[in-house]
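1. Let's see this in three dimensions:
(one chain, ligands or ions: 1)
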Amino acid sequence: MNFNNISRLRGEVKLLGDKSISHRAIMLSSISNGNSYIENFLMGKDCLSTVDCFRRMGVDISIEKNNNVKVKGVGLRGLKSPYEYLDVGNSGTTIRLLMGILAGQNFKSTLVGDKSISKRPMNRVTNPLRDMGAIIQGRDDGNFTPITIEGGSLRGIEYNMPVASAQVKSAIILASLYADSKTKITEASKSRNHTEIMLKAFGGDIKADKNEILINKVENLYSQDIYVPGDISSAAFFMCATSMIKGSELLIKDVGLNPTRTGILDVLEKMNGNFEILNKRIICGEEIGDILVRYSKLKAVEIGGELIPRLIDEIPIIAVLATQCEGTTIIKDANELKVKESNRIKSVVSNLKAMGAKIEELEDGMIIKGPTKLKGAYIESFDDHRIAMAFSVASLIADGSTHIDNLSCVNISFPQFFDILKSIIR
Ligand code: S3P
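-> This is a model prediction of the structure:
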């Protein structure tokens, strides 16, 4: 795929559902009573891994036309012991959230995944779940897959989150549904709160106030109809591409704008980006709106602290954008990037260097000096979907051709990425 020498991006696009919300919709629908209908579900590989795991535990999930999904919930205690391993593929959200649910079941189950998952740390979930009473085994004392969980009776805990991670927080929240006493979770920096919002709608006894969450067990959860807003993490690739290509203008419709996810908008604003939010509303407890973005001359910014969890998945594309900003962009406090689908500090720095960017690696981030005219290069995706997409965008503004290995990994989170990109190139 070669997109160099394009003139501008123009048009109107609508994206498939948010990845985080799609996973949670399948999970909560599966363990509630009644039929749930999920609209605008993300048919990406990660979310389909979640569907597959729940089907293996006896949940009837039908994928219908137009990205809609019907789930026949089996109730909090209706999951069946799977007779095969639960394969989470590449999906960190599937394995970590599922560990929380499995910790409360009266059966033993084993979770496996792909090569990337086998290197990602699970002790951040294993440890609090063990505190709650779950028996968990796995390589390196339960840190790596295959992970076997023997669930059963759990107790509530008080947990101060050592890292800002919505996956860890959500695993504890889901396990708390099965605990015989109250759980309190305190976050140092607030991470995405889709589990809290959705669980409340399903009838969960959960109170979230600032950085504190209280959960009590309930007898039942009740099915819901869910509309999944467009994924802001996918929109980010087009927002950044539009912002840096002269003469570009793009309307991205129905994007999720939950404030725990909109760090990318804060950054674009600080960079002097040109965008407006239109048609803002709330659906299923989630803020949503259209983003109209135009090219503008950008300036460098500093990104760190509490902003990081609000844009953690957008850092690869923000780094590409920073190469076009006037001045020095500093990204710090982003240690978590090292344990994503690839080590995203190294993947971003090595690939941007290959394209001629002035970039320096930091222990917890990177420093980028701009603006620099990028040049085409051989890019390693490290089989990481967000690296493949960030560098596809970089190739749009590079001189000469760019080759990216394994472009098919975009199917993890954004199967329509290249079709949409082609449709807006003018
Ligand atoms: C996610 C949380 C984040 C994010 C991931 C999705 C979620 O991971 O990077 O893509 O759906 O909860 P961490 O919780 O590990 O930060």
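
2. hey, let's count contacts and neighbours off CA atoms from now on
-> Fine.

3. and this protein, which of its residues are near the ligand?
-> Ser20, Thr93, Ser165, Ala166, Gln167, Val168, Ile312, Asp313 (C-alpha under 6 Å from any ligand atom).

4. please redo it, this time with the cut-off set to 8 Å
-> 19-21, 23-24, 92-93, 97, 164-170, 191-192, 194, 309, 312-313, 336, 339-340 (C-alpha under 8 Å from any ligand atom).

5. Strands of the stretch 1-150 of the chain, residue ranges please.
-> Secondary structure of the stretch 1-150 of the chain (DSSP state E, counting those that start in this stretch): strands located at 10-14, 33-39, 60-63, 69-74, 86-87, 108-112, 135-138, 144-150.

6. Export the ones you listed to TSV and append columns for mean neighbour count and distance to Pro128.
-> Converted to TSV, the strands of the stretch 1-150 of the chain look like this (neighbours: other C-alpha atoms under 10 Å; distance: least, C-alpha to C-alpha, whole Å):
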stretch	mean neighbour count	distance to Pro128
strand 10-14	16	39
strand 33-39	20	27
strand 60-63	16	30
strand 69-74	22	26
strand 86-87	22	21
strand 108-112	21	18
strand 135-138	19	11
strand 144-150	21	13
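
7. Show me the domain layout of this structure.
-> According to automatic domain parsing, the chain comprises the domains 10-16+229-424, 19-227.

8. mind giving me CSV with those domains and columns for mean pLDDT?
-> Below are those laid out as CSV (pLDDT from 0 to 100):
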stretch, mean pLDDT
domain 10-16+229-424, 98
domain 19-227, 97
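
9. re earlier: in TSV: the strands of the stretch 1-150 of the chain, plus distance to Ile404.
-> Formatted as TSV, the strands of the stretch 1-150 of the chain follow (distance: least, C-alpha to C-alpha, whole Å):
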stretch	distance to Ile404
strand 10-14	24
strand 33-39	33
strand 60-63	32
strand 69-74	33
strand 86-87	27
strand 108-112	28
strand 135-138	34
strand 144-150	29
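
10. Let me know which of those strands is the nearest to Ile226.
-> strand 33-39 (4.8 Å; C-alpha to C-alpha).

11. who's in contact with that closest one?
-> With contact meaning C-alpha atoms under 8 Å, 6 or more residues apart in numbering, strand 33-39 is reached by 25, 29, 67-76, 220-228.

12. From the residues you listed, list the buried ones, please.
-> Neighbour-count burial (16 or more other C-alpha atoms under 10 Å) applied to these gives 25, 29, 68-76, 220-228.

13. quick one: which of those residues sit in helices?
-> Within the buried ones among the contacts of strand 33-39, residues falling in helices by DSSP state H are Ala25, Ser29.

14. Quickly note the distance from Ile368 to the ligand.
-> As judged by C-alpha to the nearest ligand atom, to the nearest Å, Ile368 and the ligand stand 22 Å apart.

15. That residue: what's it in contact with?
-> The contact partners of Ile368, taken as C-alpha under 8 Å, 6+ apart, are Ala319, Ala322, Thr323, Thr328, Thr329, Ile330, Ala357, Lys358, Ile359, Glu360.

16. Without its sequence neighbours, what residue ends up closest to it?
-> Closest residue to Ile368 apart from its sequence neighbours, by C-alpha to C-alpha, 6 or more residues apart in numbering: Ile359 at 4.5 Å.

17. Next, count neighbours for the residue of the stretch 201-350 of the chain found nearest the ligand.
-> Nearest to the ligand, among the residues of the stretch 201-350 of the chain, is Asp313, at 5.2 Å (C-alpha to the nearest ligand atom). For Asp313, the neighbour count with other C-alpha atoms under 10 Å is 20.
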